[in-house]
Every structure is written in structure tokens, then in C-alpha cells.
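Student: what's the 3D shape of this:
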Amino acid sequence: HPVTGPDQRLWAWSAIAMGARAINVYAWYPMSSGYESGGYGLINLDGTVTERARSTGAIGRVVSANQALFLGARPVPAHIGIVYNPLAQLVGGAQRRQDYPEAHRNSLIGYYRVFAENNIPVDFIHRTELEKGDLSQYALIIVPYPIMLTRAAAAGLRRFVEQGGRAVAEARLAWNDERCFAAEVIPGAGLHEVFGVREKHVWMRREPRLTITDAGDVLVAGLQTLRGALYASTVDVLSKDARVLATIDGEPAIVATRHGKGETLFIGSYIGWGNHPELQRDNTEFIRRLANWAGITKPVSTSHDGATPPLVVRLHHGAQGYLLFLVNYDSTGRGAAVTVDVPSGTYAMTELVSGATRTVRADAGVLRLNANVGGRDVQVWSIKRE
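Tutor: Numbering: from 1, shown residues only. From the prediction side, this is the model:
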């Protein structure tokens with residue numbers, strides 16, 4: 001498909017909004033032979049300038065004019081970490097076409113997109129971050145598709161929970177360790193003690209359904225069923241503090257419990273994978289509520305949170321103040337009410353792309369902004385306290 005000016009605008013500003021420090025554009029001049037010679041450059045083969053070149057140049061001018069502001073700011077920290085664990089791809093031939101090459105990827109994306117599209121900051125963290133043990137930034141850690149986990153990572157997850165964190169893990173947790181040895185008890189590596197469950201039955205099913213049973217629990221109130229993928233796993237409950245939130249075939253399949261100063265949630269299938277590429281209403285709402293369960297508040301929100309396509313909002317903070325990015329992926333314009341958590345006071349706001357200015361008062365720690373963002377367009381607001 002031809003690359004357009006709005007494509008370049010969305011791609012570049014989205015990367016900057018996520019914290020990119022530099023962008024290299026491939027390429028200025030198209031290839032002169034081969035299958036890419038029909039395009040994929042910022043200019044045409046005869047040297048004429050395209051709309052995508054003008055769009056990219058406009059972004060470059062804004063960034064250059066405000067270089068110190070961009071370089072001095074960083075995205076506000078995320079308090080949710082989704083564990084990326086490439087070892088999981090070693091179990092079951094995940095790269096073979098006839099198996100499940102999408103399993104790990106979709107499991108990650110199914111969780112990530114819910115938080116991202118609701119403007120809840122989230123990080124992907126590598127399995128080695130669990131092993132290192134410095135997880136103090138996070139209130140919630142999610143371990144999707146966790147079928148192979150090192151013993152050191154399991155120990156790090158245990159420490160995180162014992163020190164007050166909340167952890168979510170899916171079926172067959174730590175089934176294999178880094179030696180490819182199967183655990184005698186699943187969850188493996190001692191995590192059955194942390195999650196308060198022991199695997200009882202496991203079936204391979206295309207789309208297992210987890211039936212909500214505890215309608216009074218805030219995590220699942222009003223929900224009916226969650227769609228999983230690949231495995232349907234039921235458990236024996238080991239912890240006296242456990243709450244069974246959902247079942248498969250009448251047996252416990254989602255179990256919440258306390259361990260140390262923290263809490264855990266075991267899910268007996270892969271609901272991240274079950275939520276991507278087709279979003280499921282109950283899966284999406286359940287995943288969104290995990291942030292509330294962990295006591296996480298959003299630094300910025302809009303009246304379009306959770307919409308598809310999303311209105312993405314990202315907040316950076318630095319010595320010169322804040323940067324607020326509004327990225328509209330919809331083809332039509334949107335009016336949005338935006339709230340930003342900042343100290344109370346009066347702020348001078350400048351939209352860096354258009355040059356528009358306004359003065360806004362933040363009361364009770366909340367700054368409110370009414371913005372109109374064009375279709376497939378971006379606004380970047382500098383927010384400085386007066």
C-alpha cells in the first residue's frame with residue numbers, strides 16, 4: 001500500500017510519544033532496481049517531492065525547534081510490566097507452521113492492547129528483569145504463556161509478591177525450567193506456593209471458556225465468560241486465603257490468593273491470546289480491571305479511552321514541564337475531554353505543531369483540556385507551570 005503523509009505523521013509521532021530518542025527514515029531516495037523501486041522512498045525516482053516527504057520534514061522542524069524540550073523529558077513511569085520470555089517459544093515447536101507460531105506473540109499483545117488503548121502506561125520487561133530482582137517500579141506483573149521459566153525468574157517473581165506486588169500468571173506456569181526439565185508440580189519452581197494452586201487437569205482445547213462464578217468480586221462482577229486458548233487447566237486450591245473466580249467444567253480455573261504482603265492471580269488458560277486478534281468484551285474488561293486490582297491510577301485519560309481505533313495519549317515529564325501527546329488513529333476528527341494529573345496551579349500550554357496557546361488552571365491535582373484532533377493527526381502540547 002502507498003505510504004501517505006498521515007502514515008508518516010502517525011508513525012513518527014507515535015514513536016516519539018513512546019520515548020524514542022531518534023528516528024531514522026528508510027529511505028530518502030527509492031531503490032533504483034528490484035521490487036522496491038516502485039516506491040518506499042520519501043521522494044520519487046525522478047527527484048520530485050512527495051506528501052510523505054513534506055509530512056516528515058514538518059515533524060523534523062517541530063522536533064528541531066524544541067529539541068531541548070523533547071530530550072529533557074521522559075515518559076511517566078509505567079507500573080505494569082508484561083513479561084517477555086523468549087524461552088517460552090522453545091516448548092512445543094512454536095515456530096512450526098502446523099503448531100502455534102502466534103501463541104507467544106498474541107498472548108503478549110492481547111494484554112498489552114487493553115492497557116495501551118485505555119491509556120494505562122505499560123512496559124514489556126524481559127524475563128531477565130525478574131532474575132535481577134529490581135522490580136520496585138511495578139505494582140503489577142503479568143506473565144503470559146509461561147510454559148518455560150528459569151528458576152531464577154521464578155524466585156524473582158516470588159520476591160516481588162512477598163514484598164507487596166501483585167502477579168498474574170497463566171496456565172502451565174513454569175512447566176519447564178531452563179534445562180527443559182518438566183516440573184513435578186505445576187506451577188513449577190515452587191510457584192504453586194505463591195499462587196496457592198496445583199494443576200489438577202489439563203486439556204488441549206481450541207477456545208476454552210472460563211465461567212465466572214464469584215459475581216461479587218470486583219474483578220469479575222458483571223462478566224460471564226472469558227475466552228482462553230490452547231489449554232484448559234483446572235487446579236486444586238492449596239491456600240486457605242484463596243478465592244475461586246471462575247471454573248472450567250465446574251472445577252477451579254481462576255484463583256486469587258494472598259502470599260506474603262502481595263496477591264496473586266492464576267488463570268487456567270491463555271486469555272491474552274484469547275483476546276487477540278479479535279477482542280472479547282469480557283476478556284478486555286477483566287484485563288482492564290487488573291490495573292484497578294493493583295491500585296494503579298492513570299496519569300492521563302480521555303473521554304475516548306477504550307475506543308477502537310484508539311485516541312492514544314502519552315505524557316512525558318522533565319525539568320521544563322510536561323509534554324502531552326494526542327495521537328488520533330481514526331480517519332475522522334475527534335473532540336476529546338482530557339484530564340492530566342499534575343500539581344495544582346496555573347499552566348501555560350503551547351501546541352507545538354500549530355503554535356496554538358492557552359492558559360489552564362489545574363485544580364485538586366487535575367488539569368482539564370478540551371481538544372479537537374483531526375483525523376489521523378497528532379497534537380503535541382507543552383505544559384509549563386507559570
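Student: so Val114 sits right up against Asn275, yeah?
Tutor: Yes: the criterion here is Cβ atoms under 8 Å, and Val114 meets it with Asn275 at 7.1 Å. For the C-beta atoms, the positions are set from N, CA and C on the backbone; glycine is no exception.
Student: quickly list what's touching both of those two.
Tutor: Thr284, Ile287 (Cβ atoms under 8 Å, 6 or more residues apart in numbering).
Student: who's in contact with Ile125?
Tutor: For Ile125, the contacting residues are Gly81, Ile82, Val83, Tyr84, Tyr138, Ile141, by Cβ under 8 Å, 6+ apart.
Student: can you confirm it is in a helix?
Tutor: No: with DSSP: H, G, I helix; E, B strand; the rest coil as the criterion, Ile125 is strand rather than part of a helix.
Student: so what pLDDT did it get?
Tutor: pLDDT, the model's per-residue confidence, is 97 for Ile125.
Student: and the gap between it and Leu157?
Tutor: Plainly put, Ile125 is 11 Å away from Leu157 if you go by Cβ to Cβ, to the nearest Å.
Student: so what's Leu219 up against?
Tutor: Residues counted as contacts of Leu219 (Cβ under 8 Å, 6+ apart) are Leu245, Ala256, Leu265, Phe286, Arg289, Leu290, Trp293.
Student: how about Leu326?
Tutor: Residues Thr302, Leu311, Val312, Val313, Ala336, Val338, Ala371, Val373, Val378, Gln379, Val380, Trp381 are the ones in contact with Leu326 under the rule Cβ under 8 Å, 6+ apart.
Student: and with 10 Å instead?
Tutor: 13, 17, 300, 302, 311-314, 334, 336, 338, 351, 369, 371-373, 377-381 (Cβ atoms under 10 Å, 6 or more residues apart in numbering).
Student: which of the helices or strands spans it?
Tutor: In the assignment (DSSP states H and E), Leu326 maps to strand 321-328.
Student: what mean pLDDT does that strand have?
Tutor: Model confidence over strand 321-328, given as mean pLDDT, is 97.
Student: neighbouring strands for it, and are they parallel or not?
Tutor: Here the strand partners of strand 321-328, with direction, are listed using DSSP bridges: strand 311-318 (antiparallel), strand 378-385 (antiparallel).
Student: now render these as a markdown table, adding mean neighbour count, mean pLDDT and distance to Leu324.
Tutor: As requested, the strands paired with strand 321-328 are exported to a markdown table (neighbours: other Cβ atoms under 10 Å; pLDDT from 0 to 100; distance: least, Cβ to Cβ, whole Å):
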| stretch | mean neighbour count | mean pLDDT | distance to Leu324 |
| --- | --- | --- | --- |
| strand 311-318 | 21 | 96 | 6 |
| strand 378-385 | 20 | 97 | 4 |
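Student: can you add distance to Glu170 and give those back as a markdown table?
Tutor: As requested, the strands paired with strand 321-328 are arranged in a markdown table below (distance: least, Cβ to Cβ, whole Å):
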| stretch | distance to Glu170 |
| --- | --- |
| strand 311-318 | 27 |
| strand 378-385 | 35 |
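Student: run through the stretch 251-386 of the chain and note the low-pLDDT ranges.
Tutor: Within the stretch 251-386 of the chain, no range satisfies pLDDT under 70.
Student: would you list every one of the helices in it?
Tutor: Under the criterion DSSP state H, counting those that start in this stretch, the stretch 251-386 of the chain carries helices at the ranges 281-293.
Student: buried residues in stretch 26-33?
Tutor: Residues Pro30 are the ones in stretch 26-33 that count as buried (16 or more other Cβ atoms under 10 Å).
Student: how far does that stretch sit from its chain's centre?
Tutor: Averaged C-alpha coordinates place stretch 26-33 at 34 Å from its chain's average position (Cα atoms, centre = their mean, to the nearest Å).
Student: start and end of that stretch, how far apart?
Tutor: For stretch 26-33, the separation between the terminal residues is 16 Å (Cα to Cα, to the nearest Å).
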